[in-house]
Structure formats: structure tokens, C-alpha cells
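Colleague: could you work out the structure for the sequence below:
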Amino acid sequence: MTARTDPRIPVRMPSGFDRAAAEREDDGLLDRLRADEASRVLVLHADTAQVTGPSGGGARLVYRRSAQVPDGARWAFLGRADDGAALLTAVFDREAERPFAGEEWAPLRAAGGDLDAGEAAAFTAAVSLGRWLLDAEFCPACGIRTRLRANGWARVCDDCGREHFPRTDPAVIVAVQSATDPDLLLLGSNALWEADRFSCFAGFVEAGESAEAAVVRELGEEAGVRVRDVRYRGSQAWPYPRSLMLGFLARAVDDDAARADGAEIAAVRWFTRAQIGEALQERAAGRRPGDVLLPGTASIAHRLISEWHAGAA
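Modeller: Have a look, this model is predicted:
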């Protein structure tokens, strides 16, 4: 097996959102920015935010002023917009009453693909950080409630002195080409999905394991296939719950060996390029296909499949 970085992979730097990490060490920053009417606040209720505009592209996040946000939120500094305005997030727990009742709210996994790169990146950062703000209040070493610092990006335990940061778990996600036919792609249907939903194969990188080794192990476990020509295609932060998805394209050694494990994967199937193209068109048009439902545009799985279909992978 060979693993290499493909020089054709574009460097995808989101515009419109600067994390401004150097500012996080300013202890009074968040209080000053909350008092500044020019600051823009992305309000979250769990992993949902207010989104306006059309689906299929061109949607925008709805930002609020700090004074409009009800009490009870967890706050953090996200970064800066292109015009220098501060971007903050105010996060409400799922059990809390949703603020701004009557407005349209959407989760990241549904709306992320409709936003431009900068807003999608800001939404992703807010959901990732927000989940940590809500779920990691206590020190995992001694159980004492921690104190927030770095304007929402770190916690300090005043009892044992440990400092804690948001956790990211690496995972691999893989589209598998046929061993012999360049127009065939192997996808799988998770046992928890409806029968016609298919996507790439994915799994977490285990302790002491490389990403490339995880690709080989996951495909063997879930789909029964050995793979070669493993190529890295890009990554995506995916806060469900706190993953960094590492996207790969690989080639099967023996197409006939493909078998679902029957536990996590209910079915595996070889799709032709024409079938993938039809399903992508149905997805883009917002129609429910009769044969196969592919991943939404917010996911790296959609990108891997669509790039393979276009011959760009």
C-alpha cells in the first residue's frame, strides 16, 4: 500500500473568518466586545443557528448584538470578520428555551453546505466550541468545576492546576474505487440509516494508529475489502461529536470481496458513475431519489463522492 498527498488537492482556506488566536490571551477582551455594539454574535441553541436565504447556496447566518441575547448563554470569542468586526458566540443548551422564538433555525449538518466558506467555518467553530463549553465544565482529573480562560478556548482547574482545551478526535472517511473498473465506486449503508442511504466508509483513528492504517483496518472490518493506492484528499472539522474527518480515496484489491459486516454496516454496493451522477443531481435539486440518497452538501463525504464523479479525485 502506498499513501501520498495528491498535489492536485486545493488548499481550501475559508475567507471571511479569522480565528485571531493571538487575541485570546487578552483577559478582558470578551467583556469589552460584549459591550461593543459593532460585535456580531452567532447565537446557538445546541448545534442550531438562525439561517436566512435559499437552500442550495447563498444562505447567510443571522448575527445578533450582544444586548439582544437573553441571559443563560455560554460565551466565547470566535475571531474576526474580514471588516475587522468581532465574531462572538452565545451558546444555549438543548434543554434551554430556544431564544428568538418563531425564527428559522437549522443545524450545521443541514445548513453548512448552503453557506459561503467563511460562514460555514464560523458556524463549525461555534458548534465545536459550544459543545465543549456546555459539556466539559469539570476537571476530568479531580472532578472540580473548572474556570474558563482564553476567552472561552481553555479551562483551568484551580484545585489541581491542570489546563484543559477543546478535544478533537481524528477519524478517517474513505471512498473506494473498483480494482478494475474506473467507473465503479463502493459505498455503504449504516445499520442505523434508512435502506436507500449510502455514503463513504468512516471510523475513528485508534490510539497509536496512523490515519493510513485506520483506512485499511476500517475497510477490512466494515466492508471486507483490502485496499491499495490510498490517497489523502482533504479534511473537514465535523463536531458530531468532535471529529476531524480525514478524507481519503482508495482502490479495492478485489471487488468481489466486498461484504457488509452486518453490525455497523447493513449493506455495501458498487455504484456506476452514471448512478452516482443521477443521485447527485437529485440531491442538488432537492428531490428525494428513488434509488439512492447520497450525503448532504455540508459533508466531506459529499465532496469525496462528487470529486470522484467529476474525475477530479
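Colleague: going forward, measure contacts between C-alpha atoms and count neighbours the same way
Modeller: OK.
Colleague: now V43: phi and psi?
Modeller: V43 has phi and psi values of phi -90, psi 130 when expressed as degrees, to the nearest 10.
Colleague: run a quick neighbour tally on it.
Modeller: The local packing of V43 (other C-alpha atoms under 10 Å) involves 30 other residues.
Colleague: how about V216, what does it touch?
Modeller: For V216, the residues meeting the contact criterion (C-alpha atoms under 8 Å, 6 or more residues apart in numbering) are R226, V227.
Colleague: for it, helix, strand, or coil?
Modeller: Per DSSP: H, G, I helix; E, B strand; the rest coil, the secondary structure class of V216 is helix.
Colleague: now do stretch 156-168, average pLDDT.
Modeller: Averaging pLDDT along stretch 156-168 yields 94.
Colleague: what does stretch 56-66 give?
Modeller: Summarised as a single mean, pLDDT over stretch 56-66 is 91.
Colleague: name whatever forms a beta bridge with the residue nearest the centre of the chain.
Modeller: The geometric centre of the chain, computed from its C-alpha atoms, lies nearest to W238 (C-alpha atoms, centre = their mean), at 1.9 Å. Legend: beta-bridge partners of W238 under DSSP bridges are S243.
Colleague: using CSV, write out every CA atom in stretch 232-246.
Modeller: Backbone C-alpha positions of stretch 232-246 (Å, rounded to 0.1, in the frame of the first residue of the first chain) are rendered in CSV as follows:
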residue,chain,number,x,y,z
TYR,A,232,-5.4,11.8,1.1
ARG,A,233,-8.0,14.2,-0.3
GLY,A,234,-8.5,16.8,2.4
SER,A,235,-10.1,17.3,5.8
GLN,A,236,-13.1,18.7,7.5
ALA,A,237,-13.9,19.7,11.1
TRP,A,238,-17.1,17.9,12.0
PRO,A,239,-18.4,18.5,15.5
TYR,A,240,-20.6,15.3,15.7
PRO,A,241,-19.4,15.0,18.4
ARG,A,242,-15.9,16.5,18.0
SER,A,243,-14.3,14.9,14.9
LEU,A,244,-11.6,16.0,12.4
MET,A,245,-12.6,14.0,9.3
LEU,A,246,-9.6,13.0,7.2
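Colleague: now do that stretch, average pLDDT.
Modeller: The average pLDDT within stretch 232-246 is 94.
Colleague: can you pull the alpha-carbon coordinates of stretch 85-103 into CSV?
Modeller: Taking C-alpha atoms only, stretch 85-103 is exported to CSV below (Å, rounded to 0.1, in the frame of the first residue of the first chain):
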residue,chain,number,x,y,z
ALA,A,85,-15.7,43.2,13.4
ALA,A,86,-15.5,40.8,16.3
LEU,A,87,-17.4,37.5,16.0
LEU,A,88,-18.7,36.0,19.3
THR,A,89,-20.9,33.0,20.0
ALA,A,90,-23.5,32.7,22.7
VAL,A,91,-24.5,29.1,23.3
PHE,A,92,-27.7,27.7,24.9
ASP,A,93,-28.1,24.2,26.0
ARG,A,94,-30.6,21.9,24.1
GLU,A,95,-32.8,21.8,27.2
ALA,A,96,-33.0,25.6,27.5
GLU,A,97,-35.8,27.5,25.9
ARG,A,98,-34.9,28.5,22.3
PRO,A,99,-34.2,32.2,22.1
PHE,A,100,-35.9,34.3,19.4
ALA,A,101,-39.0,32.1,19.2
GLY,A,102,-40.6,31.9,15.8
GLU,A,103,-37.4,32.4,13.8
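Colleague: that's all I had, so thanks and see you.
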